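Trainee: Here you go, sequence then predicted model.
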Amino acid sequence: MDRYRFNRSAFPDTTQQPQDSNPDEASLASNNHGGEESSSSNSGDPAGDYLGVSSKPYLMKILGKQGDQQVLFADKVLKYSGKGKIKRRILIVSEFAIYIVDPFTNALKRRVALAAVDKILMSELHDHFIAIHIPTEYDILLASTRKTEIATKLVEATKGSPDYELQVIRSNGFEYNPSAELVKDVHTELVEGRLRTRFMRAEAA
């Protein structure tokens, strides 16, 4: 059984090659006994921008191509693929969309309009997992020490729409769709003082 401990040192210099691992159908243990990180953004950057997007031309180019300018949140995260692979990614939340960027190739991997997001799923515990539910596509499952801030920024970004309200559902067990054909259960529990998250294929109804 593979185990993965979330640590921000999982993001080395982007000159190094990523080391993907496969925790699928396994327990993911976390040593986080407190809350989420509360460190501030880089000096001079908007609150929520932990990367200094304005000082990174390749990120500004990605946003500019889509007509986006205002960055509400930016940070390094871990993304879980449909096959259970862990990939290092940059998450950017703008006033209009969610961006997933590969920090090694500087390539945009996915853009999701905020209007397409139906709800946010995460546990009530201090683990790091957050799922973004997108009914018309497939969901995004991330690990971040700032999961609550991500959810808050997404809710704030969608408040301007009169007929749309983004739900945030906190549950220690929830389903997410890593692909159109696959549904998985995510269960988080506290075992002997340690947080443990398990991913399992959801049973057919």
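Mentor: That came through fine. Residues are numbered from 1 along each chain as shown.
Trainee: And the helices in this structure?
Mentor: 57-65, 147-158 (DSSP state H).
Trainee: Tabulate those (JSON lines), appending mean pLDDT and distance to residue 113.
Mentor: The C-beta positions use only the backbone N, C-alpha and C, and glycine is treated the same way. Output for these, formatted as JSON lines (pLDDT from 0 to 100; distance: least, CB to CB, whole Å):
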{"stretch": "helix 57-65", "mean pLDDT": "96", "distance to residue 113": "14"}
{"stretch": "helix 147-158", "mean pLDDT": "94", "distance to residue 113": "11"}
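Trainee: Just name the most buried of these.
Mentor: Burial of the helices of the chain is given as mean neighbour count (mean count of other CB atoms under 10 Å); helix 147-158 ranks first at a mean of 18.
Trainee: Mind checking which residue lies nearest the centre of the protein?
Mentor: Geometric centre of the chain, nearest residue: residue 142, 3.1 Å, by CA atoms, centre = their mean.
Trainee: wait, what's in contact with that one?
Mentor: When contacts are counted by CB atoms under 8 Å, 6 or more residues apart in numbering, residue 142 touches 77, 78, 79, 80, 89, 91, 129, 130, 131, 132, 150.
Trainee: Try it again at 6 Å.
Mentor: 77, 79, 130 (CB atoms under 6 Å, 6 or more residues apart in numbering).
Trainee: Thanks again, I'm all set now.
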